[in-house]
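**Q** Fold the following for me, if possible:
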Amino acid sequence: MKRDLSGISRRDFLRITQRFGMTSTMIALGGLAGTVSLPRLAHAVESVYDKRFGKEARHTLRFGGQGFNARNLMIERTGIPEFIRDIEERTDGELRIEFIGDNQICGSLDCVTRTQEGIVDMFSSSTQNAAGGAPYLNVLDYAFMFPNRASVYHFLYHPDSVKLLRDPYERMHGLKFLFSHVELRGIMLGNNFRDRDPITSVTELAGTRNRVTGTQLGRIAMELMQLNPTPIAWEETLDGLRQGLIDGAETWASAVAYANMSPVVTQAIDLRFFCGTEHTAMRAESFDALEGHLQDAVMESSFLAQIAAQYANEAALINTVGFSDPQKPGTIFAENGVQAVMLDDAARREAEEMCSPEFVPGPWEQWRERINNWSGGQDTYTEMHGIAREVPADMLAENVEPRRWWRG
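**A** Okay, the predicted model is just below:
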């Protein structure tokens, strides 16, 4: 059953979160379906709050949630509410997580450094934005390394993700990669393309100006496709698209929907040229300070959250966001006139041959050598490229088998 929050204003949400906290509101909302009235929500939140604070926690961890809140986490399904709910129940309240979103304690670009500094214990942001403070995360951003969302999930569950991604990330940056939502990045075109026919080839976008995240490898791909990467903070992208200062933005569909960008986005181009991974990571020192059974709980709750993100976001893309062709009526994209432009295989192959390390190795060599050295001498692109192709190119993401990656 679809959740209907239309009867609850933003002011009502604010009052509830001010009284009971965003974490309790977020957990309660995740357990409701159908038409949610204000009294029903308030009762559910109070019940969750009383349960969470019924005993004293042994450890309270602060979670920097950038621009996320109880409401928009029902659009982009990152696994965060499920993680918090599960770990508090799994540890019988020994671990309590306080989620601080709405950019109150950190934003998309600096949550990573705030976590490294110990201001918060864990955070969520795209790996691409976090790459500004943790450059090893560029390892995920080789162009067209992952052909579909299933291949990314397969890699995140794969035991070799430990040596290729997780261990170097922790060793270099002091952060543990816990779990991630998965989409693939495309180009989201703004008002400058409102009266244009749907794009059929990336060559039609040559010379346009497009927002880019903190990823260095993403910029290489965009430059090779003549997309003029323009660094703009996520929080400023909406105004840039609205005012026509940029033609588009490299991001993914549910990010447009949760950030209220749909009114100014006209075409969501399914280019899939590199990862869109909204990951959750934990400060290694905070993890190491936990008792052994609580460390085990963090890993098990991360596994559950990874599964939750996999299934819930795949459903939300169709039923909530409207990133499909044809679109379901009543979705965010359908109601705002955002066209979901699904490029055909030939068009994506054309783009891949323009920019991927497989076909155009030269521009990637310096960064590839740097990342390989950081990893301890592994050929990261070759190994990850191979893992990504262990699943069929047409495999649905919800059919990827979950595995506890840390058990090998």
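
**Q** Near Arg196, how many other residues are there?
**A** 12 (other CB atoms under 10 Å). (Each C-beta comes from the backbone N, C-alpha and C, glycine too.)

**Q** Next, the contact list for it, please.
**A** Arg196 makes contacts with Leu189, Thr266, Gln267, as judged by CB atoms under 8 Å, 6 or more residues apart in numbering.

**Q** Quick one, which of the residues you listed are buried?
**A** Neighbour-count burial (16 or more other CB atoms under 10 Å) applied to those gives Leu189, Thr266, Gln267.

**Q** Let me know whether the first one touches Thr266 as I believe.
**A** Yes: the pair Leu189 and Thr266 qualifies as a contact (CB atoms under 8 Å) at a distance of 5.4 Å.

**Q** related to what we said a few turns ago, would you convert the contacts of Arg196 into JSON lines that also reports distance to Gly65 and secondary structure?
**A** Putting the contacts of Arg196 into JSON lines (distance: CB to CB, whole Å; DSSP: H, G, I helix; E, B strand; the rest coil) gives the following:
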{"residue": "Leu189", "distance to Gly65": "28", "secondary structure": "strand"}
{"residue": "Thr266", "distance to Gly65": "29", "secondary structure": "coil"}
{"residue": "Gln267", "distance to Gly65": "29", "secondary structure": "strand"}
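
**Q** Show me which of those residues is closest to Gln226.
**A** Nearest to Gln226 out of the contacts of Arg196 is Leu189 (CB to CB; 15.1 Å).

**Q** Just list whatever residues bridge to that closest one.
**A** Beta-bridge partners of Leu189, counted by DSSP bridges, are Gly248, Gln267.

**Q** distance of it from Ala340?
**A** 12 Å (CB to CB, to the nearest Å).

**Q** Name the residues contacting each of these two.
**A** Ala268.

**Q** Now do the same contact list for Glu401.
**A** So Glu401 contacts Tyr157 (CB under 8 Å, 6+ apart).

**Q** cutoff 6 Å now
**A** By CB atoms under 6 Å, 6 or more residues apart in numbering, no residues touch Glu401.

**Q** buried stuff in stretch 371-381?
**A** Those would be Ile371, Asn372, Trp374, Ser375, Gln378, Thr380, Tyr381, for stretch 371-381 by 16+ other CB under 10 Å.

**Q** Spatially, what comes nearest to the fourth one if we skip its sequence neighbours?
**A** What that stands for is Ser375. Leaving aside its sequence neighbours, Ser375 sits nearest to Pro168 (CB to CB, 6 or more residues apart in numbering; 4.9 Å).
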